[in-house]
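1. Predicted model, plus sequence, below.
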Amino acid sequence: MKEYIEKNRDRFFEELFSLLRIPSVSSKEEHRPDMQRCAERLAELLEEAGAEDAAVYPTGGHPVVFASRYFSDDVPTVLVYGHYDVQPVDPVELWKSDPFEPEIRDGAIYARGANDDKGQLFMHLKAFEYLVATGRLRHNVKFIFEGEEEIGSPSLAAWAAEHRDMLSADVILVSDTTMISESVPSINCGMRGLSYVEVKVTGPDKDLHSGHYGGAVANPINILCDMISSLIDRDGRITVSGFYDDVVELSEEDRAQLARAPFDLQEYKDFLKIRDVKGETGYSTLERTGIRPCLDVNGIWGGYTGEGAKTVIPSTAHAKISMRLVPNQDSDTVTRLFEKHFKSIAPDCVKVEVTPCHGGNGFLIPISSDAYRAASRAMAEVYGVEPVPSRGGGSIPILADLQRILGIDPLLMGFGLERDTIHSPNESYLLSQLYAGMESIALFYRYYGEGKSR
């Protein structure tokens, strides 16, 4: 694979950059034509790589790209999942280069989507191309690339259920996660779920003069801040009634297994430029982001925020709140619990609305599976060290849906690093990780189901 990469490096860059230049921001209606254009470009690249039936399928939202290549009824089928939509680029002024004009510097590609997830799904295209071109492909391979992961995949579950037979496989292979470091590769064996809501607190029916009414009428921003601050107690635990009812406490043995992952707290703080960490009492930083749920305010606004002063008591205040959930917690249940609790703590002087946005459940996969062992063996060969099993703090809610609909487990073989700053300005992806990912994925196919029939 190394020789194939070296021989085709320039072409690989041209093809990947053609994807990165398309501003496929799924959350903004103005980019709907770009979503279609990106899906069509992916279908072209899949066909050029050796897929037999690459096509773009409409959904209730943005399109799905599906392609496959058949080898034999007697071998395993791998379903490769990825997403071609990206996060908005705001604040754009913090980017050192145009987010949709990819640039290579300091050994990395800089662009929105360079890692998440165009760069990572591109590794699968090229590993597949290599296997087809060299006659090494010995599996049935299917690809499903969606355009709504960054907005919670609202259309894919229904589409997948409708096309269940077409998507049938033995494992879902995913590269949309990070590893511990370049020197300590890891494979995520679980991810957290998500409940995402927007709240609105309304006081007076119009903005009021803060001199005429200040101290006599409730300020929705003040009330909202009080309500939010009460959602987490002094020990870092979420106060929503019933929130922890379905949280499974890990055994000391399981916690010891997770603690095998090397972690330098001071290095972590230095990287983030913080003086100290904060979280639930009794748990380490890695446990707080992997095996414990959390609640965070992702955005808050209200009143006047323009230049200069405007002395008003605002009519409304708003916030976006996300709750990361651990396996066994149900996203819909948690959303209902939050809504009931949040309304119950509101004083009579305001009105509160809670609007569910999106969410999904977490999942765990066994590290004893043939697919996990194949991925571990492949990455050990490329990196020279056996990867550590880890638990991801992020969420890919659709994977739990696909696991349920198709009856197969996802395998999270991701190659991103924390330095890549996905979702933030100056997103990047190291070239060394791009190449190592291609090599590892190609080796995965060599070892997955080796010597076995279905």
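-> In hand now; what should we look at?
2. Torsion angles phi and psi at residue 324?
-> Per-residue torsions, residue 324: phi -90, psi 130 (degrees, to the nearest 10).
3. Pull the number of nearby residues for the closest residue in space to it that isn't next to it in sequence.
-> Distance criterion C-beta to C-beta, 6 or more residues apart in numbering; nearest residue to residue 324, sequence neighbours excluded, is residue 192 at 4.4 Å. Every C-beta, even on glycine, is put in place using the N, C-alpha and C of the backbone. Residues lying near residue 192 (other C-beta atoms under 10 Å) number 27.
4. Also residue 208?
-> Counted with other C-beta under 10 Å, residues neighbouring residue 208 total 19.
5. ditto for residue 140
-> As a burial measure, residue 140 scores 21 neighbours (other C-beta under 10 Å).
6. next helix or strand past the host helix or strand of residue 131?
-> Using DSSP states H and E, residue 131 sits in helix 118-133. Helices and strands here follow DSSP H and E; after helix 118-133, the next one along the chain is strand 140-146.
7. other SSEs contacting the helix or strand following that following strand?
-> Scanning forward in sequence from strand 140-146 by DSSP H and E, the next helix or strand is helix 156-162. Contacts defined by 3 or more C-beta pairs under 8 Å, 6 or more residues apart in numbering; DSSP states H and E place helix 156-162 against helix 397-406.
8. which other helices and strands contact the helix it packs on?
-> On the basis of 3+ C-beta pairs under 8 Å, 6+ apart, helix 397-406 makes packing contacts with strand 77-83, helix 156-162, strand 171-174, strand 193-202, strand 351-360, strand 363-364, strand 410-412.
9. of the ones you listed, which approaches residue 34 most closely?
-> Minimum separation from residue 34 across those (C-beta to C-beta) falls at strand 77-83, 14.2 Å.
10. Would you mind getting the angle between that closest one and helix 118-133?
-> The directions of strand 77-83 and helix 118-133 differ by 150 degrees, with axes from the mean of the first three to the mean of the last three C-alpha atoms, to 10 degrees as the criterion.
11. Direction included, what does strand 77-83 pair against?
-> As defined by DSSP bridges, the strand partners of strand 77-83 come to strand 140-146 (parallel), strand 171-174 (parallel).
12. any chance of these in JSON lines, with mean pLDDT and distance to residue 217 too?
-> Below are the strands paired with strand 77-83 laid out as JSON lines (pLDDT from 0 to 100; distance: least, C-beta to C-beta, whole Å):
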{"stretch": "strand 140-146", "mean pLDDT": "98", "distance to residue 217": "47"}
{"stretch": "strand 171-174", "mean pLDDT": "97", "distance to residue 217": "51"}
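13. For residue 306, which of the ones you listed is the nearest?
-> Of these, nearest to residue 306 by C-beta to C-beta is strand 140-146, at 37.9 Å.
14. Put the alpha carbons of the closest one into PDB.
-> Output of strand 140-146 as PDB, limited to C-alpha atoms (Å, rounded to 0.1, in the frame of the first residue of the first chain):
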ATOM      1  CA  ASN A 140     -18.100  -7.900  -0.400                       C
ATOM      2  CA  VAL A 141     -17.900  -4.100   0.300                       C
ATOM      3  CA  LYS A 142     -20.800  -1.700   0.600                       C
ATOM      4  CA  PHE A 143     -20.600   2.100   1.200                       C
ATOM      5  CA  ILE A 144     -23.100   4.400   2.700                       C
ATOM      6  CA  PHE A 145     -22.200   8.000   3.000                       C
ATOM      7  CA  GLU A 146     -24.800  10.400   4.500                       C
END
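15. Residues contacting that strand, please?
-> 39, 42, 46, 51, 54, 62, 64-72, 75-85, 121, 124, 128, 153, 155-156, 160, 166-167, 169, 398 (C-beta atoms under 8 Å, 6 or more residues apart in numbering).
16. 7 Å - rerun?
-> 42, 46, 51, 64-71, 75, 77-84, 121, 128, 153, 156, 167, 169 (C-beta atoms under 7 Å, 6 or more residues apart in numbering).
17. Next one, pLDDT for residue 333 please.
-> Listed pLDDT for residue 333 reads 97.
18. what do you get for the one 3 residues further on?
-> In the predicted model, residue 336 carries a pLDDT score of 98.
19. Next: residue 8.
-> Listed pLDDT for residue 8 reads 98.
20. so what's it up against?
-> Residue 8 neighbours (C-beta under 7 Å, 6+ apart): none.
21. That one looks like it's in a helix, true?
-> Yes. Counting by DSSP: H, G, I helix; E, B strand; the rest coil, residue 8 falls inside a helix.
22. Relative to residue 206, how far out is it?
-> To residue 206, residue 8 is 63 Å away according to C-beta to C-beta, to the nearest Å.
23. same thing with residue 416?
-> Taken as C-beta to C-beta, the span from residue 416 to residue 206 is 47 Å.
24. and these two? which has more neighbours close in?
-> More neighbours surround residue 416 than the other of residue 416 and residue 206, with 24 against 9 (other C-beta under 10 Å).
25. Give me the nearest residue to the more buried one, chain neighbours excluded.
-> Leaving aside its chain neighbours, residue 416 sits nearest to residue 178 (4.1 Å; criterion: C-beta to C-beta, 6+ apart).
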